[in-house]
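>>> Structure, please.
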Amino acid sequence: MAYYFIAKLDTETQRRMSGYYDALREAGLVGQQTEGVPYHFTLGEHGKEADEAALAARLEEICAKTPRVDFCMGHMGLFGLRVLFLAPCMNFELLRLRQSFFPGSGSGAHPWAAHATVLLDAAENIQRAIPLLAERFEPFNARVESVMLWEFFPARRIKECYLQGES
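Prediction:
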């Protein structure tokens, strides 16, 4: 069990990414993603010893003074042959958002790969999914509108706070 801050993607991006996943599902590729969790970028983790109330308060404090983050969902990627994802063209605003929650994460030297998982599955299924996603995907504008605090596993949504105004 651990606590995670996740940057939830906007409604239009949720719809678009669900459409990509629907096309994979129609091809018989279901995957092993955690159900009920919206498309997001994981900002980072706190261990099970963390104080849940303090993390929720930190979430409120940061979101109250942080603008929404616009970015381009620019490319597909892989973590080995287990995870197929979409990733942003990185910008300073996304890095600043992450560093507001994890200030000790370095100046871009920390191994954080912002990504939104489309399919988590066995290698042979990921290999089948790549061309299906590639023929549908084109870069698009997206936005982080809120940050959520979740506990995994089991998955439990604790709190969601909206970012402020325009980015």
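
>>> Select the longest helix from this protein.
What stands out as the longest helix in the chain, according to DSSP state H, is helix 11-26.

>>> What is the burial count for residue 112?
Residues contacting residue 112 under the criterion other C-beta atoms under 10 Å number 19. All C-beta atoms are positioned from the backbone trio N, CA, C, and that covers glycine.

>>> meant to ask about residue 35
Neighbour tally, residue 35, other C-beta under 10 Å: 6.

>>> On the three-state scheme, it is what?
On the three-state scheme (DSSP: H, G, I helix; E, B strand; the rest coil), residue 35 is labelled coil.

>>> Look up the pLDDT of it for me, please.
On pLDDT, residue 35 comes in at 87.

>>> quick one: it from residue 21, how far?
According to C-beta to C-beta, to the nearest Å, residue 35 and residue 21 sit 11 Å apart.

>>> Residue 124 now?
18 Å.

>>> which residue ranges form the strands in this structure?
Taking DSSP state E, the strands of the chain run over residues 2-9, 40-47, 69-79, 83-88, 116-120, 140-152, 156-162.

>>> can those strands go into CSV with extra columns for mean neighbour count and mean pLDDT?
Output for these, formatted as CSV (neighbours: other C-beta atoms under 10 Å; pLDDT from 0 to 100):
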stretch, mean neighbour count, mean pLDDT
strand 2-9, 21, 97
strand 40-47, 18, 95
strand 69-79, 16, 98
strand 83-88, 21, 98
strand 116-120, 21, 98
strand 140-152, 19, 97
strand 156-162, 15, 97
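
>>> Generate CSV for the ones you listed, with distance to residue 96 as supplementary columns.
Below are these laid out as CSV (distance: least, C-beta to C-beta, whole Å):
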stretch, distance to residue 96
strand 2-9, 12
strand 40-47, 11
strand 69-79, 8
strand 83-88, 13
strand 116-120, 19
strand 140-152, 11
strand 156-162, 16
